[in-house]
Each structure stands twice: as structure tokens, then as C-alpha cells.
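Enquirer: coords please:
(one chain, ligands or ions: 2)
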Amino acid sequence: MGSSSSSHPLVPYGWDEGWESEFAPYAEQGFLPGRVVRVDRGLCDVVTPAGTVRADTEFVVPRDPMKVVCTGDWVAVDPEGADPRYVRTLLPRRTAFVRSTSSKRSEGQILAANVDHAIVAVSLAVEVDLGRVERFLALAWESGAQPVVVLTKADLVPDAVTLAHLVQDVEATAPGVPVLGVSAVHGGGLDVLLALVGGRTSVLLGQSGAGKSTLANALHGEDVMEVHAARDVDGKGRHTTTTRNLLALPGGGVLIDTPGLRGVGLWDAETGVGQVFSEIEELGRECRFHDCAHESEPGCAVLGAVESGALSVRRLESYRKLMRENQWIVAKTDQRVRAELRKEWKRRGAEGKAAMEVKRGRVR
Ligand code: GDP
Ligand code: ZN
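Expert: Ligands and ions are numbered 1, 2, ... in the order given. Sure thing, here's the model as predicted:
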């Protein structure tokens, strides 16, 4: 292994000084550093300075499903000669994408690790659903990755002025998030996107049909098929024919595309939701009551902003909806929270009914 990380063969896969120092103790023990490009049934493909190797994850399988090795993880594997090879250590993750499983006993499922940018693809071919954009942004923030909104199919927008307006609309809904229009047809905006995400690890999020695959191809250049046909040889001399879920981009940077990442749900994303709606959270700090629910409390700064027109009703409702949804997901795993929520809803329901009766003049 070279002493300077700039010459390290894993640099195209995101290796940097941080990983180098995290890995140092394992290098001393003779292990190879590597990045997981694919996982299936207890085995994974890992790119290492010695090529792509297949390794067993048996030694690092924890009880906690959130700590299972996943695409994007940095690991230490056995050196050449070991048969079979094992993943010996999972380096601490910088970021992680997690989704709730739909099963009754809800558990988080880890989808991708060490992602720097979450590219949220939103099609301009149809009316932009801001609520949906907010949902993806919440997920992105929660993971720890920096979200970037890419408005795809910009070629379908009649003129630059209209495009600028569309970008501004989304910017207003996404504080702290770069928003850019991109077209895979005429290539507009791709250079900006590459400059933004180049050299780091990204994932593509967005609805089906949003243009994610097209965008991935554009980022890879012409020869995605060529890129997919891994020519590396595994420890036993067989060709690795499986598809990777993590690819180094020719212009620098890494793109992760795991099947599970498409159509992700929220998972304990309260912080993420808060970041998407940072202006509402900020307003909330000015409410008279510190635990104000911004429903009907006196001295509520959030409701005040809605009244003055500074905050749109749509945005407040979107915030409430995502918060509620998130509470449900958390509640699924936590009986105590669930019981509390039930009590709360009962109380609210009773209050709501009482309020309705007052309105109808039945109760004085
Ligand atoms: P995915 O489901 O998010 O992966 O979306 P795809 O990449 O499969 O794209 C969905 C459809 O949108 C396909 O018919 C693409 O040809 C089309 N599409 C993607 N990008 C563009 C673009 O920049 N301009 C236009 N006009 N169509 C696009
Ligand atoms: Zn309030």
C-alpha cells in the first residue's frame, strides 16, 4: 500500500485520508482495505487494492440488522491466500440509508452506507409534486448525506425563464439544497451536476420514471454496459459476473444504485423532516409554549406565519403529514410510544368532537 492516499488504488472508490487513518490498525495486522460493491446472502464483493474479492461476512454479522454489511461500507478483509476470505471489520459509517421494512415487526433495513450526496431526481415532464420532493429530502437528510435536487427532462420545458421559475419553486421548498435542471437529451446541466457530486459517493433517489437510469447512464458516459461487465477475478480465479451496486464514475466519484433504494419509506426520520422544514422548526422556537404543536395554541408563531402569508398552508400540512407518518413508523417498533400516541389521539379525538359540538352550538 502506498503511503500517500492520492496514489492509493482505492481512491476512485472514495478512499481518502479519513479512511486511511481509520484503517491503519488493520493495515498493521496485514488486512486489506476494501469497499463493498455488492452483498448477497452472507457473502459480498469487495473492491480492494488486489482487485475485487468475494468475502464471507460471518464474523461481522451482528444481531442488530442496522449493522449488517451493506453496499458502500468500508471493510477490512483477509489478505491474499486466505480461503475462504472473511470480512474482519466494518469501519464506522459516515452516513447510512435505512428504510422501514413493511413486515409487522418493523425493523430498519440498511440500504447503502457512506453516501455523500443523495441526488433526488424529479421529472419536469409532469407537474412537480412538492410534497414528494420533501419526503425524499427528509430521507436524504436523515441519512447524513447532502441532498441535491435534479429536475430532469429539462428539455421538455419550453424556455429558460420557465425553467428558472421551476427551479426557484423547488428551491423555496428545499432550504440548504442545491437545485438544478438537467437534460439527458441535450446534456444541459450535466456538467454542473458532475462538478457538484464528482469525487464523492452519490445515490439516485426518486420515483419510477423520474429519469434515474437515464441520469446514471449519462453520469457513467456511453459505456455503462462495459462498466458493468466486471473483469476482475475473484480469489478462486473465476470471473465475477454479478452486477455491482456500486460503480466508480469515469470522471471521478462513485454512484451507488441498490434495488432497495428505489421507493424507500421513511424510517425514524424525525431529524430529517425537521431539516426539510427548517423554517417551520425555527418559527416553532418563537411559539409561546415550548411544546407547541402548532395546531391551535395561543401565541403560536407557526400559525402566525400562515396567517401573515409567510408560510404556505400546503407546506405546514406536508410537515404535519411527514411528522405523523414518521411517528407511526417509530411507534411500530416501540410499544410504549404506541400506547402514548393512542392516548394522545384519543384525547385529541375527544377534544375535536367537543370542539365540533361547540361549533354546532350543542355545548355552551
Ligand atoms: P427511472 O425509472 O427513474 O430510472 O427513469 P428512466 O431513466 O427509465 O426514464 C424514464 C423515461 O424518461 C424514459 O422514457 C426516458 O427516455 C425519459 N427521459 C429520461 N431522461 C430524459 C430527459 O432528459 N429528457 C427527456 N425528454 N426524456 C427523458
Ligand atoms: Zn406553535
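Enquirer: which stretches of the stretch 1-150 of the chain have low pLDDT?
Expert: Within the stretch 1-150 of the chain, the segments meeting pLDDT under 70 span 1-6, 62-66, 100-108.
Enquirer: closest point of it to ligand 1, which residue?
Expert: Nearest residue of the stretch 1-150 of the chain to ligand 1, counting by CB to the nearest ligand atom: Ala121, 6.0 Å away. To be clear about C-beta, it is placed using only N, CA and C from the backbone, and glycine gets the same treatment.
Enquirer: Flag every residue of the stretch 201-350 of the chain that's near ligand 1.
Expert: With the criterion set to CB under 6 Å from any ligand atom, the stretch 201-350 of the chain comes near ligand 1 through 206, 208-214.
Enquirer: Can I get the buried part of these as one ChimeraX selection?
Expert: For the buried members of these, the matching ChimeraX selection, counting by 16 or more other CB atoms under 10 Å, is:
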select :206,210,211,212,213,214
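Enquirer: Compile the residues of the stretch 201-350 of the chain next to ligand 1 into JSON lines and extend it with columns for pLDDT.
Expert: Formatted as JSON lines, the entries for these read as follows, by pLDDT from 0 to 100:
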{"residue": "Gly206", "pLDDT": "85"}
{"residue": "Ser208", "pLDDT": "78"}
{"residue": "Gly209", "pLDDT": "83"}
{"residue": "Ala210", "pLDDT": "88"}
{"residue": "Gly211", "pLDDT": "88"}
{"residue": "Lys212", "pLDDT": "86"}
{"residue": "Ser213", "pLDDT": "85"}
{"residue": "Thr214", "pLDDT": "88"}
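Enquirer: among the residues of the stretch 201-350 of the chain next to ligand 1, which are in helices?
Expert: Mapping those onto helices (DSSP state H) picks out 212-214.
Enquirer: And those, which is closest to ligand 2?
Expert: Closest approach to ligand 2 among these (CB to the ion): Lys212, at 37.5 Å.
Enquirer: which pair in the residues of the stretch 201-350 of the chain next to ligand 1 spans the largest distance?
Expert: Farthest-apart pair in these is Ser208 and Thr214; separation 12.3 Å (CB to CB).
Enquirer: Please enumerate the helices of the stretch 201-350 of the chain.
Expert: Assigned by DSSP state H, counting those that start in this stretch, the helices in the stretch 201-350 of the chain fall at 212-220, 224-228, 270-276, 278-284, 301-308, 313-333, 335-360.
Enquirer: mean confidence score for the fourth one?
Expert: With pLDDT averaged residue by residue, helix 278-284 scores 90.
Enquirer: where does the closest residue to Ser202 other than its chain neighbours sit relative to Glu281, distance-wise?
Expert: Nearest residue to Ser202, sequence neighbours excluded (CB to CB, 6 or more residues apart in numbering): His117, at 4.3 Å. Applying CB to CB, to the nearest Å, the value for His117 to Glu281 is 23 Å.
Enquirer: Neighbour count for these two, which is higher?
Expert: A count of neighbours by other CB atoms under 10 Å puts His117 above the other of His117 and Glu281, at 23 against 14.
Enquirer: wait, what's in contact with that one?
Expert: By CB atoms under 8 Å, 6 or more residues apart in numbering, the contact list for His117 reads 145-148, 196-197, 200-203.
Enquirer: out of the residues you listed, which are inside helices?
Expert: 196-197.
Enquirer: which element is the most centrally placed residue in the chain on?
Expert: For the chain, the residue nearest the mean C-alpha position is Ala140 (3.7 Å; CA atoms, centre = their mean). Following DSSP states H and E, one finds Ala140 within helix 130-143.
Enquirer: That helix close to ligand 1?
Expert: No. Judged by CB under 6 Å from any ligand atom, helix 130-143 stays clear of ligand 1, getting no closer than 12.2 Å.
Enquirer: Identify the spatial nearest neighbour of Pro84, chain neighbours not counted.
Expert: Closest residue in space to Pro84, ignoring its immediate chain neighbours: Asp56 at 5.3 Å, by CB to CB, 6+ apart.
Enquirer: Give me the neighbour count for that neighbour.
Expert: Using other CB under 10 Å, Asp56 has 16 other residues around it.
Enquirer: isn't it right next to Arg85, touching?
Expert: Yes. Contact criterion CB atoms under 8 Å: Asp56 and Arg85 qualify, at 6.9 Å.
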